[in-house]
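Colleague: Here is a sequence together with a model predicted from it:
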Amino acid sequence: MNRRNLLGLALVGSLTATLAACGGGDDPLATDSTPAAGGSADAATIIVGSANFPESELLAEMYSQVLEAKGVTVQRKFNIGARELYLKALDDGSIDLLPEYNGALLAYYLKGDAPQGVSSPETVLDALKKEIPSGLEVLDQSAAEDKDSLSVTSETKSKYNLTSIADLAPVAKDLTIGAGPEFQERYQGLKGLKELYDVEFGTFKPLDVGGPLTVAGLKDGSIQVGNIFTTDSSIETNGFVVLEDPKNLFLAQNILPLIRSSKNNSTVTEALNAFSAKLTTENLTQYLAQVQVDKKTSAAVAKDFLSANGLV
């Protein structure tokens, strides 16, 4: 399927502009922001990328360190942007490996809803392997799952009697939703909400994916619904309510490595599969909180996780 349509190009352009505004003009693909010793990449080096949110960067750092522990030379190019941008970097060879989410990646390649009966981790993974482009592959998926959610404050839940996404249908026209800019054009976003739930919000406010802007918007009332990942510590610390998703708009979102086939080998596979076998929703949430709440660096938290689980 064609992943380079005009809409994709427009999204990439807007996301690049957003990154320039947020990153002081630095292009994360132009330089190696956290290089391993040895300088520029060569054929044996694996360039690890991440999306532009804390969990993705933490997972990418974990991948980097577990590979380095096996003698693999790694370079880091983190905080690239949203899926539309970092998959382009994977396609053109700017990066070789990054953490992904099986359901979201499947939805991206399908450009729409998953086939009927595809919602569990196993069925999503099977469907994903059929859609993934030649030259790319996924390794073992972990038990850790981090799904997109529509979250609201307890006050909004009570005011509109909200339990599930379906309850938004009669009131969404009076509400503002906040999310990353790409949410407006994704099926696992406004398009799917309209098709599956007949939910159309009065206003869409482009913010960040479960980041400080979305959290602040929910707290100050400038948005009533926010797109937040389910492992995000802000849900618990702020008493937000995650709305149920009975029609499975947001598929299973198990974390797994996505890698260019030319950079994979038995050492890489064994190291990353061993890591995925140790990763659970519970321990990911625990260690992510150390980054988001305790303000520790991803490198330090990744080292602690890998040491605690016998991976380094």
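Modeller: Structure's in. What do you need?
Colleague: Checking the nearest residue to Ser233 once chain neighbours are set aside next. Helix, strand or coil?
Modeller: Using C-beta to C-beta, 6 or more residues apart in numbering and skipping the chain neighbours, the partner closest in space to Ser233 is Ala289 (4.3 Å). Every C-beta, even on glycine, is put in place using the N, C-alpha and C of the backbone. Secondary structure of Ala289, reduced to three states by DSSP: H, G, I helix; E, B strand; the rest coil: helix.
Colleague: Per-residue pLDDT of Ala289, please?
Modeller: In the prediction, the pLDDT value recorded for Ala289 is 93.
Colleague: Return the distance of it relative to Ser234.
Modeller: For Ala289, the distance to Ser234 equals 10 Å [C-beta to C-beta, to the nearest Å].
Colleague: ok, now Ser154?
Modeller: Using C-beta to C-beta, one obtains 14 Å as the distance from Ser154 to Ser234.
Colleague: And for Ile255?
Modeller: Taken as C-beta to C-beta, the span from Ile255 to Ser234 is 19 Å.
Colleague: quick one: Phe275 is in a strand?
Modeller: No. If the criterion is three-state DSSP, then Phe275 is helix and not within a strand.
Colleague: Apart from its chain neighbours, what residue comes closest to it?
Modeller: Once flanking residues are discounted, Phe275 sits nearest to Val66: 4.8 Å by C-beta to C-beta, 6+ apart.
Colleague: what do you get for Ala51?
Modeller: Once flanking residues are discounted, Ala51 sits nearest to Tyr86: 5.8 Å by C-beta to C-beta, 6+ apart.
Colleague: element containing the one you found?
Modeller: Counting by DSSP states H and E, the element that carries Tyr86 is helix 83-91.
Colleague: in that helix, what counts as buried?
Modeller: The neighbour-count criterion (16 or more other C-beta atoms under 10 Å) identifies Arg83, Glu84, Leu85, Tyr86, Leu87, Lys88, Ala89, Leu90 as the buried residues of helix 83-91.
Colleague: on that earlier part again, my read: the residue nearest to Ala51 touches Pro99, true?
Modeller: No. Counting by C-beta atoms under 8 Å, Tyr86 does not reach Pro99; the two are 10.3 Å apart.
Colleague: where in this structure is pLDDT low?
Modeller: Scanning the chain with the threshold set as pLDDT under 70 gives 1-41, 113.
Colleague: all strands of it, in order?
Modeller: For the chain, strands defined by DSSP state E occupy the ranges 46-49, 74-77, 97-101, 136-138, 148-152, 176-179, 203-206, 225-229, 241-242, 255-260.
Colleague: mind putting these in CSV, distance to Ser307 and mean neighbour count included?
Modeller: CSV is the format used below for those (distance: least, C-beta to C-beta, whole Å; neighbours: other C-beta atoms under 10 Å):
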stretch, distance to Ser307, mean neighbour count
strand 46-49, 19, 26
strand 74-77, 18, 24
strand 97-101, 19, 27
strand 136-138, 26, 16
strand 148-152, 31, 25
strand 176-179, 35, 24
strand 203-206, 39, 16
strand 225-229, 25, 26
strand 241-242, 32, 16
strand 255-260, 20, 22
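Colleague: Those strands: which one's closest to Lys296?
Modeller: Evaluated over the strands of the chain, closeness to Lys296 peaks at strand 74-77, with 17.2 Å, by C-beta to C-beta.
Colleague: which helices and strands does the closest one pack with?
Modeller: Counting contacts by 3 or more C-beta pairs under 8 Å, 6 or more residues apart in numbering; DSSP states H and E, the secondary-structure elements packed against strand 74-77 are strand 46-49, helix 54-68.
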